[in-house]
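Peer 1: sequence unknown, structure follows:
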């Protein structure tokens, strides 16, 4: 199977029926296989679903089509969107175009590779714990997870109703911003611009980093400071509180509640690693999950009250894109998957917005992530636009 074949669940289709003078006229948008596209089955990366074709477009797809986009897809993904690494045993896994022996990241794996290889201008995807930002970081792209309420999720197969967001990946901030403005057309105009203070949290997101990621992040900070970008370092109680939350419960419990009535969780066609995580939700009582939801609500209230004009900066992912061979054992798969998701999931839990910007140093590519509170999308994107060219400047030659 070629890499182009594995980008898509099935042979690509292109629909150019969108208006010819819209803001996305001429742009090709790939669509993650979790979204309904009229006339095509919605597989969500599994072989169990998708027996019938969707009658209507998902609302996000309809808005992009109405803006003139040519719809291309469905792109490959982790089965049911349940991992941050992007492996799919049913349809193959697209190879990272920047590192052919390495994973693309997930769960929006095919979407990232479709943009990174020039097959699409924008990738429409979902982000439950980093599923847009992780593959963006690994594939040298910009990935934007907007405030959850800004983009409708109707016609999109869920993983976690609490954490799912619909967003985009592209080659730059401006294209992501245009895509979001179209997807959030009846919401984003109500936002007000705000000056955001950049804070690097000393007690979260900076431990267990690959040496290259640690060096690259510090290099990026110094570069931004030299250009007059003010960056503070603080130890924040918010992150200590966050670490006590059993985040895994949201996807485990809510995916079980959604998919349990649709098919047997013992179905042999289900990826065993996905089955294991969904079934873990069986161990959580309704009362326990209600308590977890209440704890999250308190965390959201705290973060929005105390950090309304703060943007947190950290590496998008703690490691460089792992090699496929590193994920062969279940133990290593679980460890790497959690490490990939660690920094990104915070934004979903606090109901915030977050963007990953590509940063290249020496021969490596990583993501620099900015995370702000709910409803600060416009201000976050403005800050990202200002930072983007500074990160893209050529680095001095290094022998490291």
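Peer 2: Yep, that arrived. Small disclaimer: the values here were computed from a predicted structure and weren't measured.

Peer 1: report the central residue of this structure.
Peer 2: The chain has residue 132 as the residue nearest its centroid, 2.0 Å off, counting by C-alpha atoms, centre = their mean.

Peer 1: pretty sure that residue is touching residue 141, no?
Peer 2: No - Residue 132 is beyond contact range of residue 141, at 9.1 Å (criterion: C-beta atoms under 8 Å). (C-beta placed from N, C-alpha, C; glycine too.)

Peer 1: what touches both of these two?
Peer 2: Taking C-beta atoms under 8 Å, 6 or more residues apart in numbering as the contact definition, residue 132 and residue 141 share the neighbouring residues 169, 356.

Peer 1: ok, which stretches of the stretch 101-250 of the chain are helices?
Peer 2: Per DSSP state H, counting those that start in this stretch, the stretch 101-250 of the chain carries helices over the ranges 109-116, 133-139, 173-183, 211-226, 237-242, 248-259.

Peer 1: buried ones in the third one?
Peer 2: Taking 16 or more other C-beta atoms under 10 Å as the neighbour-count basis, helix 173-183 is seen to contain the buried residues 173, 175-183.

Peer 1: so which elements touch the one helix or strand residue 369 maps to?
Peer 2: Assigned by DSSP states H and E, residue 369 belongs to strand 364-372. Applying 3 or more C-beta pairs under 8 Å, 6 or more residues apart in numbering; DSSP states H and E, one finds that strand 364-372 contacts helix 133-139, helix 211-226, strand 310-315, helix 330-349, strand 353-361, helix 377-392.

Peer 1: tell me the SS of the closest residue to residue 99 other than its chain neighbours?
Peer 2: What sits nearest to residue 99 in space, not counting adjacent residues and going by C-beta to C-beta, 6 or more residues apart in numbering, is residue 321, at 5.3 Å. Here residue 321 is recorded as coil under DSSP: H, G, I helix; E, B strand; the rest coil.

Peer 1: how close does residue 321 sit to residue 111?
Peer 2: Residue 321 sits 16 Å away from residue 111, taking C-beta to C-beta, to the nearest Å as the criterion.

Peer 1: the two: which is more packed in?
Peer 2: residue 111 (39 against 26; other C-beta atoms under 10 Å).

Peer 1: quick check: the more buried one touching residue 34?
Peer 2: No - in this structure, residue 111 is not within contact of residue 34 by C-beta under 8 Å, at 10.2 Å.

Peer 1: so what sits against both of the two?
Peer 2: 77, 125.

Peer 1: residue 31 and residue 70 touch, don't they?
Peer 2: No - with contact defined as C-beta under 8 Å, residue 31 does not reach residue 70; the gap is 11.0 Å.

Peer 1: now render the helices of the stretch 101-250 of the chain as TSV, adding mean pLDDT and distance to residue 80.
Peer 2: Formatted as TSV, the helices of the stretch 101-250 of the chain follow (pLDDT from 0 to 100; distance: least, C-beta to C-beta, whole Å):
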stretch	mean pLDDT	distance to residue 80
helix 109-116	98	13
helix 133-139	98	16
helix 173-183	98	22
helix 211-226	97	28
helix 237-242	97	25
helix 248-259	98	7
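
Peer 1: and of those helices, who's closest to residue 122?
Peer 2: helix 173-183 (5.0 Å; C-beta to C-beta).

Peer 1: re earlier: now do the contacts for the residue nearest to residue 99.
Peer 2: Contacts of residue 321 (C-beta under 8 Å, 6+ apart): 96, 98-99, 102-105, 138.

Peer 1: again, only using 6 Å
Peer 2: Counting by C-beta atoms under 6 Å, 6 or more residues apart in numbering, residue 321 makes contact with 96, 99, 102-103, 138.

Peer 1: scan those and report the most crowded one.
Peer 2: residue 138 (37 neighbours).

Peer 1: thinking that one is in contact with residue 105, fair?
Peer 2: Yes - counting by C-beta atoms under 6 Å, residue 105 is a contact partner of residue 138 at 3.9 Å.

Peer 1: which intervals of this structure have sub-threshold pLDDT?
Peer 2: 1-5, 10-11, 16-19, 188-192, 394-400 (pLDDT under 70).

Peer 1: please redo it, this time with the cut-off set to 50
Peer 2: Within the chain, the segments meeting pLDDT under 50 span 1-2, 397-400.

Peer 1: tell me, how many residues neighbour residue 320?
Peer 2: Counted with other C-beta under 10 Å, residue 320 comes out at 19.

Peer 1: same check on residue 123?
Peer 2: Quick note: residue 123 (other C-beta under 10 Å) scores 34 neighbours.

Peer 1: need the contact list for the residue lying closest to it once chain neighbours are set aside.
Peer 2: Spatial nearest neighbour of residue 123, excluding adjacent residues (C-beta to C-beta, 6+ apart): residue 111 at 3.2 Å. Residues in contact with residue 111 (C-beta under 6 Å, 6+ apart) are 30, 32, 75, 123, 125, 169.

Peer 1: show me the contacts for the spatially closest residue to the third one that is not a sequence neighbour.
Peer 2: In space, residue 75 comes closest to residue 110 once its chain neighbours are excluded; the distance is 3.2 Å by C-beta to C-beta, 6+ apart. Counting by C-beta under 6 Å, 6+ apart, residue 110 makes contact with 7, 75-76, 94.
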